[in-house]
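1. My questions are about this predicted structure, shown below with the sequence.
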There are 2 protein chains.
Amino acid sequence: MRVASARNLHGHVTQQLGVRIVSGQLQPGEVLPREETLAEQMQVSRTALREAMRVLSAKGLVEARPKVGTRVREERYWHQLDADVLAWRCASMPTTDFVQKLGQMREVFEPAAAAFAAHRRDAAQLKQLETAYRAMEAARNTDEWAQADLQFHEAVLVATNNELMISLFSVVETALGSFFVESARKSGDFKYSLPYHQQVCEAIRQRQPELARDAMQKMIVDSRANMSGKRRTRKSA
Amino acid sequence: MRVASARNLHGHVTQQLGVRIVSGQLQPGEVLPREETLAEQMQVSRTALREAMRVLSAKGLVEARPKVGTRVREERYWHQLDADVLAWRCASMPTTDFVQKLGQMREVFEPAAAAFAAHRRDAAQLKQLETAYRAMEAARNTDEWAQADLQFHEAVLVATNNELMISLFSVVETALGSFFVESARKSGDFKYSLPYHQQVCEAIRQRQPELARDAMQKMIVDSRANMSGKRRTRKSA
DNA sequence: TCTGAGCATATTGTATGATTATATAGATCG
DNA sequence: CGATCTATATAATCATACAATATGCTCAGA
């Protein structure tokens, strides 16, 4: 998932202001300094500042009106599923509370996605899935594992043939990504969840939605327990 | 959910270009005319055009690079869960296929949301829910019903205390909204789903997640059958 | 002929100043 | 006291100039 590139100047400005808003440094309701002043403060032209504001406005973070100024909107208007908003939030408040909310999202739609995938997958999508699975089997270290794992889950989502779910996965997974690798690193045996993946893969191959759903469900519950520090149950088949 | 207002000039431009891209009139890979030319074609200044481009770029629809120009990105990069992208899509391709995908999303996360709500709701949130339910009971026509229905489902989502789910609901529901009222209008007895709502409400009140999940699930399945034209089964309690 | 460095060029990126539209608050009139 | 009109601050739009940056071409050298 591409995130607001810092390559351009307005990208920098967008990011800076975005973080300041999402982190709470700029409170909702607060009106920002007028364009000219703020541009001067940030050492950029009004053009760059305005383009940044336009983006923040599109993300629901601010609202600009003539005469009154630009004010920070309340949280309920923020586009919480926007990749940038999510990233800024992860950067500024890495509270376990927020990670749990992301985990809840996964827990909700990944098992459902596995079921849909078992319904609708085509041959090419199954092949992608099996390739990812074999890469997980072959992984020699946590990095290889994490990469293959991500591809596996992405393959499941792609096989749903529902681009809305793919997009949701992409957003949530990117936000959770850093925690996954950390989790894998903490775990002594990083391949402990391989049997679950095998079951999911097999169920999708045989077009058995309920089996796929259950296997995915168990995998996530176990993964969650592992992330929260609890010792996993060793499985070998 | 606020959508790109057409109040501002760049809002108009954003919308026009957005629709042209999402509808396929502008194909992925295609490079747009250079800023100066395009601005002239659309009878706006380069400034307004650029601010629109910046927004479209933030939504993943286009990518601009010096010397090469601005090109339409492939669909997999589009932010499919963006409210505007979704709205443009609904406007340009009202195919049943896409409506089904939206319905799948609902089917996945609304029952889960009901279960979470039963877990985590506080007193105020329950009150909101019950208020919405009574409004549904009291509805005298399809418009009142549709409004109360929306408030009911929103109250369930709010009670999850997970702003990511709230946002997802807000986006999906807005896109589906027009189809709901149409569905209610087509149905002779628009209150046929009231018993399901009662069950959901009661389960959340009693903090019984699984009951809430099941009731919501049944409601959605039934609603879906109704929308696809099949005659509903008359229920009275 | 092939290869790579460097230069020319087209396009977006940034900056600045001026003008217009708009919403708020205050003044004025009934 | 209330409604309407006016003044004004701010964002919105426009026009123009200049800077940065990729791309592709040219041309020297092997």
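-> Yes, it's here.
2. can you list the residues of chain A near DNA strand D?
-> A:7, A:32, A:34-36, A:47, A:50, A:53, A:64-70 (Cβ under 7 Å from any atom of the strand). Any C-beta I mention is one placed from the backbone N, CA and C, and that applies to glycine too.
3. Which among these count as buried?
-> Taking 16 or more other Cβ atoms under 10 Å in any protein chain shown as the criterion, what is buried in the residues of chain A next to DNA strand D is A:L32, A:R50, A:M53, A:A64, A:T70.
4. Leaving aside the residues adjacent along the chain, what's closest to the first one?
-> Taking Cβ to Cβ, 6 or more residues apart in numbering or on different chains, and ignoring the residues beside it in sequence, A:L32 has A:T70 as its nearest neighbour in space, at 4.7 Å.
5. what's the neighbour count on A:E107?
-> By other Cβ atoms under 10 Å in any protein chain shown, the residues close to A:E107 number 18.
6. show me what contacts it?
-> The contact partners of A:E107, by Cβ atoms under 8 Å, 6 or more residues apart in numbering or on different chains, come to A:Q217, A:I220, A:V221, A:R224, B:A112.
7. in the worst-scoring helix or strand of chain A on mean pLDDT, what counts as buried?
-> Here the helix or strand of chain A ranked lowest by mean pLDDT, DSSP states H and E is helix A:163-186, holding a mean of 83. Using 16+ other Cβ under 10 Å as the test for burial, helix A:163-186 gives A:163-176, A:180-181, A:183-184.
8. ok and that helix relative to helix B:163-186, angle-wise?
-> Per axes from the mean of the first three to the mean of the last three Cα atoms, to 10 degrees, the angle that helix A:163-186 makes with helix B:163-186 is 160 degrees.
9. So which bits of whichever helix or strand comes after helix A:163-186 are buried?
-> Using DSSP states H and E, the next helix or strand after helix A:163-186 towards the C-terminus is helix A:194-205. For helix A:194-205, the neighbour count (16+ other Cβ under 10 Å) marks A:L194, A:Y196, A:H197, A:Q199, A:V200, A:C201, A:A203, A:I204 as buried.
10. Show residues contacting stretch A:127-142.
-> With Cβ under 8 Å, 6+ apart, stretch A:127-142 has contacts from A:117, A:121, A:144-145, A:147-149, A:151-152, A:154-156, A:158-159, A:181, A:184-185, A:190-191, A:194, A:197-198, A:201, A:204-205.
11. With DNA strand C as the reference, measure out to A:E210.
-> Distance, A:E210 to DNA strand C, using Cβ to the nearest atom of the strand, to the nearest Å: 49 Å.
12. right, I mislabeled it, should have said A:A39
-> Distance from A:A39 to DNA strand C, by Cβ to the nearest atom of the strand: 7 Å.
13. ok, that residue touching A:M53?
-> No: when contacts are counted by Cβ atoms under 8 Å, A:A39 is not listed as touching A:M53 (10.2 Å).
14. how close does A:V22 get to A:A87?
-> 9 Å (Cβ to Cβ, to the nearest Å).
15. Now the residue nearest in space to the middle of chain A: closest residue in space, sequence neighbours ignored.
-> Nearest residue to the geometric centre of chain A (Cα atoms, centre = their mean): A:V172, 2.3 Å. Among residues not flanking A:V172 along the chain, A:M105 sits closest, at 5.1 Å (Cβ to Cβ, 6+ apart).
16. Contact partners for that neighbour?
-> By Cβ under 8 Å, 6+ apart, A:M105 lies in contact with A:L168, A:V172, B:N162, B:L164, B:M165, B:L168.
17. restrict the residues you listed to those near DNA strand C?
-> Within the contacts of A:M105, nothing lies near DNA strand C by Cβ under 7 Å from any atom of the strand.
18. among the residues you listed, which two are most distant?
-> The span of these, defined through Cβ to Cβ, is set by A:L168 and B:N162 at 13.6 Å.
19. give me every residue that touches the residue of chain A found nearest DNA strand C.
-> At 2.5 Å from DNA strand C, A:L9 is the closest residue in chain A, using Cβ to the nearest atom of the strand. Residues near A:L9 by Cβ under 8 Å, 6+ apart: A:V44, A:A48.
20. now swap in A:E210 and tell me
-> A:A115.
21. Within the helices and strands, which one has it?
-> helix A:209-227.
22. Kindly report the same for A:E40.
-> Going by DSSP H and E, A:E40 is part of helix A:35-41.
23. One more: A:L56?
-> Applying DSSP H and E, one finds A:L56 within helix A:46-58.
24. right, is that helix up against DNA strand C?
-> Yes: Helix A:46-58 is in contact with DNA strand C by Cβ under 7 Å from any atom of the strand, via A:R46, A:T47, A:A48, A:E51.
25. what pLDDT does the third one get?
-> pLDDT recorded at A:A48 is 96.
26. Distance of it relative to DNA strand D?
-> 12 Å.
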